[in-house]
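[1] Sharing a model prediction with you, sequence too.
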Amino acid sequence: MTSEREQFGKRLEDSLIKQGMTHRKAAELVNCTGATMGRWTRGEGPYCIMVLAGLRRELGIDLNELICGTKPQIKNTKEI
């Protein structure tokens, strides 16, 4: 069974691959090292909230999907 960290790492790796992004290039964009990005994609932590915010800002990665593995469901809160 895969741990939550390993699942996070797989989702991050998949996101980078979809964008044709290397660990080093992604790391430069979010101000961390390529080694750090590599550790994250292997499911090793800890994770820095500022780097996660950078992934969202620079690469457009959906953090809810990255962290939880699902896109948020928008509920209709309009009252009748």
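    The structure has been received and is ready for your questions. Numbers count the residues shown, from 1 in each chain.
[2] Now do the stretch of helix or strand residue 28 belongs to: everything it contacts.
    Assigned by DSSP states H and E, residue 28 belongs to helix 23-30. Helix 23-30 is touched from outside by 16, 33-34, 36-38, 41, 51, 54-55, 58-59, with contacts defined as CB atoms under 8 Å, 6 or more residues apart in numbering. The C-beta positions use only the backbone N, C-alpha and C, and glycine is treated the same way.
[3] buried stuff in it?
    23, 26-27, 30 (16 or more other CB atoms under 10 Å).
[4] Does anything pack onto whichever helix or strand comes after it? Which helices or strands?
    Using DSSP H and E, the helix or strand that directly follows helix 23-30 along the chain is helix 34-41. Secondary-structure packing of helix 34-41 (3 or more CB pairs under 8 Å, 6 or more residues apart in numbering; DSSP states H and E): helix 4-18, helix 23-30.
[5] Compare these and give me the one nearest residue 66.
    helix 4-18 (5.3 Å; CB to CB).
[6] List the contacts of the closest one.
    Helix 4-18 is touched from outside by 2, 22-23, 26, 37, 40-45, 47, 55, 59, 61, 65-67, 69, with contacts defined as CB under 8 Å, 6+ apart.
[7] what do you get if the cut-off is 10 Å, keeping everything else the same?
    2-3, 21-23, 25-26, 37-47, 52, 55, 59-62, 65-69 (CB atoms under 10 Å, 6 or more residues apart in numbering).
[8] Just say helix, strand or coil for residue 21.
    coil (DSSP: H, G, I helix; E, B strand; the rest coil).
[9] And for the closest residue to it other than its chain neighbours, the neighbour number?
    Leaving aside its sequence neighbours, residue 21 sits nearest to residue 59 (CB to CB, 6 or more residues apart in numbering; 6.9 Å). The burial count assigned to residue 59 is 17, neighbours taken as other CB atoms under 10 Å.
[10] what does residue 8 give?
    Residue 8: 20 neighbours (other CB under 10 Å).
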